[in-house]
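Asker: build me a model:
(one chain, ligands or ions: 2)
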Amino acid sequence: MPTNRTFTIIKPDAVLDGFTGSMIQQIEDAGFRIVAIKKIKLSPEEAGRFYAVHAARPFFQSLCDHMSSNHIIPMVLEKENAVEDFRTLIGATNPEQAAEGTVRKRFARSIESNAIHGSDSDENAAIESAFFFTDRELNP
Ligand code: ATP
Ligand code: MG
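Answerer: Ligands and ions are numbered 1, 2, ... in the order given. This next block holds a predicted model:
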């Protein structure tokens, strides 16, 4: 995975709230190109594997329940400096602390139902992309 890619998920709360189109518009307007995209519903076990790094956190079970509660939209995105620029675009984990105009400030409900995921490193972007997409889908 080159360093100009990141991985994101539009979370169940935002999909249910009908924000998918507006969020993708904001992401494209910010200069990101969609490399791969799908709509999928995870089992609680799959959500647990995706968020395994948070297994010891007190909110882990609730997070996995939320992430498997409805459909999500994983995407691989391409842009120069993708990981860092995308984290800036989505804003702080807690939407109450997110900067004005960020994706989470505009579309998130709460710190848990915070509308969108963004990878925190090139290494994790590659791992997370491979969780949802095949090699062929990642090299269109
Ligand atoms: P993400 O990994 O989804 O991009 P993040 O890197 O900003 O978010 P993490 O610390 O990795 O935040 O937490 C992963 C997810 O767990 C958050 O996006 C949020 O949905 C949930 N979460 C984080 N902190 C809390 C909390 N204190 N209470 C409830 N849920 C939380
Ligand atoms: Mg994170």
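
Asker: which residue ranges of this protein form strands?
Answerer: For the chain, the strands defined by DSSP state E occupy 5-10, 33-37, 73-78, 116-118.

Asker: out of those, which is the most enclosed?
Answerer: Stretch with highest mean neighbour count among the strands of the chain: strand 5-10 (a mean of 26; mean count of other Cβ atoms under 10 Å). Every residue, glycine included, has its C-beta placed from N, CA and C.

Asker: residues in contact with that one?
Answerer: Applying Cβ atoms under 8 Å, 6 or more residues apart in numbering, the contact partners of strand 5-10 are 19-20, 23-24, 27, 35, 72-79, 82-83, 86, 90, 115-119, 122, 124-126, 128-129, 132.

Asker: pLDDT below threshold where in this structure?
Answerer: Residue ranges of the chain with pLDDT under 70: 1-3.

Asker: which residues of it lie near ligand 1?
Answerer: The chain has residues H54, F59, L63, T93, I111, E112, N114, H117, G118, D120 near ligand 1, with proximity defined as Cβ under 6 Å from any ligand atom.

Asker: buried among those? Need that as a selection in ChimeraX.
Answerer: The following ChimeraX line selects those of the residues of the chain next to ligand 1 that are buried, judged by 16 or more other Cβ atoms under 10 Å:
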select :63,112,114,117,118
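
Asker: what's the closest of the residues of the chain next to ligand 1 to A14?
Answerer: N114 (8.8 Å; Cβ to Cβ).

Asker: can you give me phi and psi for the nearest residue to the closest one once chain neighbours are set aside?
Answerer: Of all residues not flanking N114 in the chain, A108 sits nearest, at 4.2 Å (Cβ to Cβ, 6 or more residues apart in numbering). Main-chain dihedrals, A108, degrees, to the nearest 10: phi -80, psi 150.

Asker: do I have it right that A108 meets P95?
Answerer: Yes. Counting by Cβ atoms under 8 Å, P95 is a contact partner of A108 at 3.7 Å.
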